[in-house]
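Trainee: coordinates for the following, if possible.
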Amino acid sequence: MIPIADDSPKRYIPFITYVIIVVNCVVYYIQPGQSEALAGFFNRFGLVPSRLMAHPENPLTYLNVFTSMFVHADFMHLAGNMLYLWIFGDNIEYVIGHVRFFIFYLIVGIGAAVLQVAVFPTTDVPMVGASGAISGVLGAYLLKFPRNRVSILFFFFIIIRIIRVPAVVVLSFWFIFQVYNGYFFSGEAGVAWYAHIGGFVA
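Mentor: Coordinates of the predicted model:
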């Protein structure tokens, strides 16, 4: 199931949402393409829990909490995150305003980082991606717009349908999926499930 649209506010331009999407795309465009250089880029701008825990007194290590929100592992990682932000971000920006939305986005991104670091404080694997902050947007959407209809692209073997489902169903299922995968499949590499959980709860 892939969300493709929702009941968005009419005649409203969520320019902070658009700016965040553009910045993420620009950062992805300037990322190095070679594997060694890309690994160095992730290590420099991603959030490395072990480095943060080893030097908690150094304020520069905390900058990676923010830079990591704008770095993505590959195109599908970027595209999936930006799709969710595009669909759900405008409603939250509409409710709380442009400036508050940007502050909110950073705060839930911090919440995502806090839980991921708390669960894996010794890992050297950089955490990258906007999904923790976007998970916070999803959590806010669930609170503010539970009855909104979300259009879902549904696949079942050769059957493809677009169905409209209440947001409370879509986002509750999404959160349960994160908790399930975090409990059973989370490791020190791969998807940062606990970041998703942390952002959503925050």
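Trainee: is it true that Asp6 touches Phe88?
Mentor: Yes. Applying C-beta atoms under 8 Å, one finds Asp6 in contact with Phe88, separated by 6.7 Å. C-beta: built from backbone N, CA, C; applies to glycine.
Trainee: neighbour count for these two, which is higher?
Mentor: Shown here are Asp6 and Phe88; by other C-beta atoms under 10 Å, Phe88 has more neighbours (27 against 20).
Trainee: in which helix or strand would I find the closest residue in space to the more buried one that isn't next to it in sequence?
Mentor: The shortest distance from Phe88 to any non-neighbouring residue, by C-beta to C-beta, 6 or more residues apart in numbering, is to Tyr141 (4.7 Å). Using DSSP states H and E, Tyr141 maps to helix 131-144.
Trainee: residues contacting that helix, please?
Mentor: With contact meaning C-beta atoms under 8 Å, 6 or more residues apart in numbering, helix 131-144 is reached by 69, 80-81, 84-85, 88-89, 91-92, 95, 104-109, 111-113, 116, 148, 167-168, 171-172, 174-175, 178, 192, 195-202.
Trainee: and that helix, what's buried?
Mentor: 131-142 (16 or more other C-beta atoms under 10 Å).
Trainee: reformat those as JSON lines; add pLDDT and distance to Glu36.
Mentor: Below are these laid out as JSON lines (pLDDT from 0 to 100; distance: C-beta to C-beta, whole Å):
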{"residue": "Ser131", "pLDDT": "96", "distance to Glu36": "25"}
{"residue": "Gly132", "pLDDT": "97", "distance to Glu36": "26"}
{"residue": "Ala133", "pLDDT": "98", "distance to Glu36": "28"}
{"residue": "Ile134", "pLDDT": "98", "distance to Glu36": "29"}
{"residue": "Ser135", "pLDDT": "98", "distance to Glu36": "31"}
{"residue": "Gly136", "pLDDT": "98", "distance to Glu36": "33"}
{"residue": "Val137", "pLDDT": "98", "distance to Glu36": "34"}
{"residue": "Leu138", "pLDDT": "98", "distance to Glu36": "35"}
{"residue": "Gly139", "pLDDT": "98", "distance to Glu36": "37"}
{"residue": "Ala140", "pLDDT": "98", "distance to Glu36": "39"}
{"residue": "Tyr141", "pLDDT": "98", "distance to Glu36": "39"}
{"residue": "Leu142", "pLDDT": "97", "distance to Glu36": "41"}
